[in-house]
Structure formats: structure tokens, C-alpha cells
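Engineer: this is a predicted model, with the sequence first.
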Amino acid sequence: MRPDGYPLQVPACLSRRTASVDLRAIASYNLPDITGVTDMALNKTDKRREQICVIIDDLGGPHKLATLLHVSRQAVEDWYRRDVPAIPQKHWPVLMKMGVSLADLAGIKE
């Protein structure tokens, strides 16, 4: 039985705080945390999704980022909504000029 208040889909990321709270709530519902460590409940895909949400938020949100990249807002939001969340490589040079590191874009731990 599903607890009340949990959405069926991952909500749009609005900030670092809400992104991590929402993903952890969803992950803990799908994968019960028996270890007591909250990071254990997040799988690799959800961690990458959270990283992409933080990048989007730090650059001003999906509306501003879509305007700067000359794409639609929905295209930017699809970066973290895909089954395998990723930022298309064709946008990396512009994002790097805006201060995002290559490691963050590629999803590599520093």
C-alpha cells in the first residue's frame, strides 16, 4: 500500500533542497532503507538525476537555461526525466563557459 502524499512521477526540480528530499522520499519508498544510511537508498541513476537537477538549478532554472541554449524548456527538463538521465554533449561547451566543470557534466566523481 502506497503512503499518501507521494506523487506517481518524479516532480520537477526546483532547488537543491527539494531535489534531494523528493528523490530520497521516492527512493526510500521504492527501496526500503534497512541500513539507516540515506544515501544507500539512492541508486546510481537517481544520484545522477539529482546532480543534473542541481546543475539546472545553479544556472537559473529550466526556463533561463533553455533560453540561453536556444532549446525548449521541456528539452532541458527531459535531461533528468529520461530513463538514463544525461546532459547532451552538444550543450557541454556552453555550459562549461557558464562555470560547470567537465566532471559534473560527465557525471564523474572528482
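Structural biologist: Structure's in. What do you need?
Engineer: got the contact list for Lys109?
Structural biologist: Ala103 (CB atoms under 8 Å, 6 or more residues apart in numbering). Every C-beta, even on glycine, is put in place using the N, C-alpha and C of the backbone.
Engineer: what helix or strand is it on?
Structural biologist: According to DSSP states H and E, Lys109 maps onto no helix or strand at all.
Engineer: quick check: it vs Met98, distance?
Structural biologist: 21 Å (CB to CB, to the nearest Å).
Engineer: for the strand or helix carrying Lys64, give me every contacting residue.
Structural biologist: Here Lys64 sits within helix 62-69, counting by DSSP H and E. Contacts with helix 62-69, where a contact means CB under 8 Å, 6+ apart, come from 12, 56, 59, 72-73, 75-77, 91, 94, 98.
Engineer: next SSE after it?
Structural biologist: Next element after helix 62-69 (DSSP H and E): helix 73-81.
Engineer: after that next one, which helix or strand is next? Please name it.
Structural biologist: Past helix 73-81, the next helix or strand by DSSP H and E is helix 92-97.
Engineer: that following helix: which residues count as buried?
Structural biologist: Leu95 (16 or more other CB atoms under 10 Å).
Engineer: and it, C-alpha only, in PDB?
Structural biologist: The C-alpha trace of helix 92-97 is given here as PDB (Å, rounded to 0.1, in the frame of the first residue of the first chain):
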ATOM      1  CA  TRP A  92      28.700  21.000 -22.900                       C
ATOM      2  CA  PRO A  93      30.800  23.800 -24.300                       C
ATOM      3  CA  VAL A  94      28.200  26.500 -23.500                       C
ATOM      4  CA  LEU A  95      27.600  25.000 -20.000                       C
ATOM      5  CA  MET A  96      31.400  24.900 -19.400                       C
ATOM      6  CA  LYS A  97      31.600  28.600 -20.300                       C
END
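Engineer: tell me what it is packed against?
Structural biologist: Under the contact definition 3 or more CB pairs under 8 Å, 6 or more residues apart in numbering; DSSP states H and E, helix 92-97 sits against helix 102-106.
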